[in-house]
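Chemist: No letters, just coordinates:
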């Protein structure tokens, strides 16, 4: 269906097992539709997978969305989404360890999880958690940061050091107000951070379901008719892939040419900074992260030895466009390679990046192989 009115009318008569929602609809914003879905008792727990051209993952999660996909969307993105949906509704039984010292929360979580095919085991301390993990197997862990026997962050580090749990999903569920620095440190060990607030239990349930299905889900092929229906529903979204991803073509290059170069990484999302830093550091690059356009100007003024800038576009206060214009106006910065990272796929938005001073642009989610070729091209002049 092509508008929100038809979708809500459908929900008056039928209960789907999953919903794929584009937030840009002709008759009403997708965000309003999510709110209405969550207000319908029978539909409130139906997983909603949001598609948007804007980097609004946090907003989607706040409203209760199960998943978030940024445009442009490829055929692989469509297939992966349909596979996740199939796994979510397959009714598989999963085990979750919850490290939480509030007995009252134990009862609430147990009630919520029991109805969704998940077996929740509870412990109150970090020591108890490590003992359970040593003698049992779990698909996912939920950890509070404030525990009677220590900081939850230290527990996260110990869990990740266990061979069987180095890659298992961990969700931090906490009432602590996190500074950007502490959230950055936590993001090295946790897959999701959920703050205890309004609708927090719903977000916790959705996130846990998503993660446990990825660990223990059915690996079979999506039914042919379901795949065809999903591809049809996302046809317009996938079509946006026809917009060129970059301003020019780049030759293959050896990753070794990137080693030793210093990169200024500008992004206001701490998780993006962590994931991108890990990629760049694995290539032997020195990464200096900052979280705003204003900070990028200060850092470039302080340190004169940067070789390249990766600039997020959608940032508060000073966006990437304004930051790039100001960088180009700085002495000695006219030739600095700047790669803009943009969630927008429209041709005119890409041109705005170039007009603002970007050397080139790259769509989010970032194609790492293309990024490596792009950086090599600008750093070697090829």
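Modeler: In hand now; what should we look at? Bear in mind that the values here come from a model prediction, so they are computed numbers and not experimental data.
Chemist: Strands along the stretch 51-200 of the chain, start to end?
Modeler: Ranges of strands within the stretch 51-200 of the chain are 67-70, 94-99, 118-123, 140-143, 146-147, 150-151, 170-174, 192-195, based on DSSP state E, counting those that start in this stretch.
Chemist: thought residue 168 was touching residue 143?
Modeler: No: look at residue 168 against residue 143 with CB atoms under 8 Å: they stay out of range, at 11.8 Å. In this view, the C-beta of every residue, glycine as well, is placed from N, C-alpha and C.
Chemist: Can you say which of the strands of the stretch 51-200 of the chain is nearest to residue 358?
Modeler: For those, the distance to residue 358 is smallest for strand 67-70, at 18.6 Å, taking CB to CB.
Chemist: Give the rounded mean pLDDT of that closest one.
Modeler: Strand 67-70 shows a mean pLDDT of 84.
Chemist: Likewise for stretch 290-305?
Modeler: Mean predicted confidence for stretch 290-305 is 92.
Chemist: Just the buried positions in it, please.
Modeler: Residues of stretch 290-305 classed as buried by neighbour count (16 or more other CB atoms under 10 Å): 290-293, 295-297, 299-300.
Chemist: Restricted to strands, list those residues.
Modeler: Here DSSP state E is the test, and these give residue 290 as lying in strands.
Chemist: Of the buried residues of stretch 290-305, which pair is most distant in space?
Modeler: Largest separation among the buried residues of stretch 290-305 by CB to CB: 291 and 300, giving 14.7 Å.
Chemist: Kindly tell me how buried residue 110 is, as a neighbour count.
Modeler: Applying other CB atoms under 10 Å, we find 15 residues neighbouring residue 110.
Chemist: Hmm, it is touching residue 122, no?
Modeler: Yes: using CB under 8 Å, residue 110 is in contact with residue 122, at 7.4 Å.
Chemist: Regarding the closest residue in space to residue 169 that isn't next to it in sequence, what is its secondary structure?
Modeler: With sequence-adjacent residues excluded and distances taken as CB to CB, 6 or more residues apart in numbering, residue 169 is closest to residue 211, at 3.5 Å. Classification of residue 211 using DSSP: H, G, I helix; E, B strand; the rest coil returns helix.
Chemist: hey, where'd the helices end up in the stretch 51-200 of the chain?
Modeler: For the stretch 51-200 of the chain, applying DSSP state H, counting those that start in this stretch gives helices covering 57-63, 75-88, 103-114, 126-135, 152-160, 180-187, 200-216.
Chemist: Comparing these, which comes out most buried?
Modeler: Of the helices of the stretch 51-200 of the chain, the one with the most neighbours on average (mean count of other CB atoms under 10 Å) is helix 200-216, at a mean of 20.
Chemist: quick one: which of residue 168 and residue 143 has more around it?
Modeler: The neighbour comparison of residue 168 against residue 143 (other CB under 10 Å) goes to residue 143, with 24 against 20.
Chemist: So what sits opposite that one in the bridge?
Modeler: residue 99, residue 172 (DSSP bridges).
Chemist: Can you name the residues that contact it?
Modeler: Contact analysis of residue 143 by CB atoms under 8 Å, 6 or more residues apart in numbering lists 99, 129, 152, 155-156, 159, 170-173, 190.
Chemist: let's see it at 6 Å
Modeler: Applying CB atoms under 6 Å, 6 or more residues apart in numbering to residue 143 gives the contacts 99, 152, 172.
Chemist: Make a markdown table from these and add distance to residue 265 and pLDDT to it.
Modeler: Listed next are these as a markdown table, based on distance: CB to CB, whole Å; pLDDT from 0 to 100:
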| residue | distance to residue 265 | pLDDT |
| --- | --- | --- |
| 99 | 32 | 96 |
| 152 | 27 | 94 |
| 172 | 23 | 92 |
